[in-house]
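> kindly return the folded structure for what I paste below:
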Amino acid sequence: MTFSPDTCPHIFFDLDGTLTDSKEGILRCVQYALEQCGHPVPDAAALSPFIGPPLLDSFQNITGMEHEEATYAVAQYRARFSKVGMFENSVYPGIPQLLEDLHTAGYLLAVATSKPEVYTLQILEHFHLKDFFTVIAGSDIHREGETKADIIRLACKRLSLPEEAAPGTIMVGDRKHDLIGAHACKIPCIGVAYGYADPGELEAYHADFIAEDVSALRKIFLP
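Here you go, the predicted model:
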């Protein structure tokens, strides 16, 4: 399956695990937060489920924290992330050229990420990616409980698109949360296998297409 700017002009990209390899910074900040909360601090490899979902949910679901402690853990995470962690990060090879070529071809690009928007903007600016995107939608650090579907709807709203079944719109992401959110909004989703999904995750959550690498993603939109 391939697309063109005529058939699918709007491409929404996740950030972590899709545009950038942010694993080091995220997991170091999780370890810092656990340490500040007096919890055991596992090796980074054991904390990979933190990448993707909203942080508050992860601290509760993965570590068993109650809401109040999880809220404190998120604050500790962000204290380190805002100073150091957001830049312990790198852009996946081939992504800048892909974004430039998609933009030149006439696609309208957006970011839809569960990462707080304030950090998302700084990261995209730092890596010189911001100007490729017409809309950048992230979560609000002052509002709890936002889902990936909420973020996708926000991106649609900012583009004056219907918040469900937006025509000519597709999501690109690496985790089940991207797939669940896209399908809740009744748009297709491409799962990128080079990100942080567990083996079989993209298939289990019904990715409409799977791109094994950035080259394969390019071929879907620029055949």
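
> buried sites along the worst-scoring helix or strand of the chain on mean pLDDT?
Lowest mean confidence among the helices and strands of the chain (mean pLDDT, DSSP states H and E): helix 55-63, at a mean of 93. Of the residues in helix 55-63, 55, 56, 57, 58, 59, 60, 63 count as buried by neighbour count, 16 or more other CB atoms under 10 Å. (Glycine included, C-beta is placed from N, CA and C.)

> how about stretch 92-112?
Buried residues in stretch 92-112, counted by 16+ other CB under 10 Å: 92, 95, 98, 99, 102, 103, 107, 108, 109, 110, 111, 112.

> let me see the backbone angles for the last one.
Spelled out, it's residue 112. With angles defined as degrees, to the nearest 10, residue 112 sits at phi -130, psi 100.

> most remote residue from this protein's center?
Most distant residue from the mean C-alpha position of the chain: residue 38, 28.7 Å away (CA atoms, centre = their mean).

> before we move on, the earlier item: so which of the buried residues of helix 55-63 is the closest to residue 136?
Distance to residue 136 across the buried residues of helix 55-63 (CB to CB) is lowest for residue 55, with 19.0 Å.

> isn't the closest one right up against residue 74?
Yes - between residue 55 and residue 74 there is a contact at 4.9 Å, judged by CB atoms under 8 Å.

> now do residue 201 against residue 176, distance only.
From residue 201 across to residue 176, the span is 5 Å (CB to CB, to the nearest Å).

> what values do phi and psi take at the residue farthest from the centre of the chain?
The phi/psi pair for residue 38 (degrees, to the nearest 10) reads phi 80, psi 20.

> quick one: it and residue 83, what's the gap?
According to CB to CB, residue 38 stands 22 Å off from residue 83.

> and residue 45, by the same measure?
Separation of residue 45 from residue 83 (CB to CB) stands at 24 Å.

> over to residue 146?
The value you get for residue 146 to residue 83, if CB to CB is used, is 24 Å.

> looking at the two, which one has more neighbours?
Neighbours per residue (other CB atoms under 10 Å) separate residue 146 from residue 83, with residue 146 holding more: 17 against 10.

> neighbours around the nearest residue to the more buried one once chain neighbours are set aside, how many?
Excluding the flanking residues, the one nearest residue 146 by CB to CB, 6 or more residues apart in numbering is residue 139, at 4.8 Å. A count of neighbours around residue 139, defined by other CB under 10 Å, yields 24.

> surely residue 139 and residue 116 touch.
Yes - using CB under 8 Å, residue 139 is in contact with residue 116, at 5.3 Å.

> among the buried residues of stretch 92-112, which ones are in helices?
95, 98, 99, 102, 103 (DSSP state H).
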